[in-house]
Every structure is written in C-alpha cells, then in structure tokens.
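Undergrad: Turn this into a model:
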Amino acid sequence: MPKLGICYPEYRKHRRSGQAIVTINGHDFLLGPLGTQVSRNAYDQRIAEWISSGRSCDYGRPPPVRQSTTCVELIDLYILHARAYDGKGPNSELRRIVRVMRPVCKLYRRTAARKFGAIKFKAVRHVLINERLSRSFVNAATRRI
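TA: Residues are numbered from 1 along each chain as shown. Purely as a prediction, here's the structure:
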C-alpha cells in the first residue's frame with residue numbers, strides 16, 4: 001500500500017486575472033500577482049489559517065445570515081464578497097454593484113433582509129427608472145440586486 005503524503009490545496013494561476021489563486025473548501029482566494037513573494041506569503045497564510053481551523057469545512061465561508069439581518073448588512077457582505085474577486089478599475093463590477101445598491105440602502109436600510117420581497121424590489125426598480133437611466137442599465141441593475 002502506498003504511503004500517503006501531506007496534501008495541500010494547489011497554488012495556481014487564475015485565468016481571468018492572471019493572479020495567483022488557491023481554492024479551499026470550494027472557495028477561491030486571490031493571492032496577488034502570480035509568482036511573487038507577496039502571493040506566496042498570502043498562500044502560506046491561507047493554508048496556515050485553514051490548518052489551524054482543523055481543516056474545517058467552514059473555513060472561507062461568509063458568516064451565516066441571521067434571521068434579523070438587515071438589508072444594509074447583507075449588502076455589506078455582498079460587497080466584501082465582490083471585492084475579493086474584482087479589480088479596482090473604473091469599469092469594475094464592484095463599482096457597478098456599489099452604484100446599484102445605493103437606492104436599496106436609501107429605501108430599505110433597516111428592513112430585515114428576509115422581508116425584502118417583490119414589492120420592495122419593484123420600488124427600487126422604479127427609483128432607477130425615475131433616474132432616467134437606460135433600459136439596459138436598469139435591467140443589469142435588477143439582475144445584480
């Protein structure tokens with residue numbers, strides 16, 4: 001029978017951005033420019049945290065959404081998630097998400113996220129339409145919401 005060695009998640013290239021990436025428990029973590037010492041240190045840090053968590057299946061998952069989570073708290077979690085995957089350019093997806101979520105925050109900041117339903121969604125869509133935005137922008141915004 002072969003002797004089993006210690007196996008760690010692979011340090012590899014992210015195709016879209018060209019950065020280094022590691023996948024732990026199905027969650028991708030961007031580490032920085034591929035092959036640099038910064039990305040190697042970030043990889044070592046992620047692996048050390050994962051091992052210190054007991055190789056937990058929960059490592060890398062966002063905190064669970066409570067029943068009383070407000071819309072603004074959920075939006076913050078969404079933006080944190082988007083920030084981990086997207087760049088900082090002028091046409092980045094992160095900027096689009098932040099732009100689209102402003103009316104949601106303005107109208108339903110303290111509303112429980114589980115109570116954000118179709119009627120509230122239509123109200124946000126109506127605000128976007130009243131801003132005289134193009135149909136394609138409003139459609140894209142509703143998909144992001």
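
Undergrad: C-alpha only now, for contacts and for neighbours.
TA: Will do.

Undergrad: Contacts only, for the closest residue to residue 11 other than its chain neighbours.
TA: Closest residue to residue 11 apart from its sequence neighbours, by Cα to Cα, 6 or more residues apart in numbering: residue 22 at 5.2 Å. Counting by Cα atoms under 8 Å, 6 or more residues apart in numbering, residue 22 makes contact with 9, 10, 11, 12, 28, 29, 30, 31, 43.

Undergrad: My reading is that residue 22 lies in a strand. Confirm?
TA: Yes - under DSSP: H, G, I helix; E, B strand; the rest coil, residue 22 sits within a strand.

Undergrad: do you know how far residue 121 is from residue 135?
TA: Residue 121 is 16 Å from residue 135, where distance means Cα to Cα, to the nearest Å.

Undergrad: now residue 47
TA: Counting by Cα to Cα - residue 47 and residue 135 are separated by 45 Å.

Undergrad: and these two? which has more neighbours close in?
TA: Comparing residue 47 with residue 135 by other Cα atoms under 10 Å, the one with more neighbours is residue 47, at 17 against 11.

Undergrad: How many neighbouring residues does residue 6 have?
TA: Residue 6: 4 neighbours (other Cα under 10 Å).

Undergrad: coming back round to it: now, which of the contacts of residue 22 lie within helices?
TA: Secondary structure defined by DSSP state H assigns residue 43 of the contacts of residue 22 to helices.

Undergrad: Was I right to think residue 43 contacts residue 9?
TA: No - the pair residue 43 / residue 9 is not scored as a contact, 9.5 Å apart, by Cα atoms under 8 Å.

Undergrad: ok, and for the helix or strand harbouring residue 121, which residues are buried?
TA: Secondary structure assignment for residue 121, by DSSP states H and E: helix 118-130. Neighbour-count burial for helix 118-130 flags 124, 125, 128 (criterion: 16 or more other Cα atoms under 10 Å).

Undergrad: Could you name the helices and strands sitting against that helix?
TA: Helix 118-130 makes packing contacts with helix 93-108, helix 135-144 when contacts are defined by 3 or more Cα pairs under 8 Å, 6 or more residues apart in numbering; DSSP states H and E.
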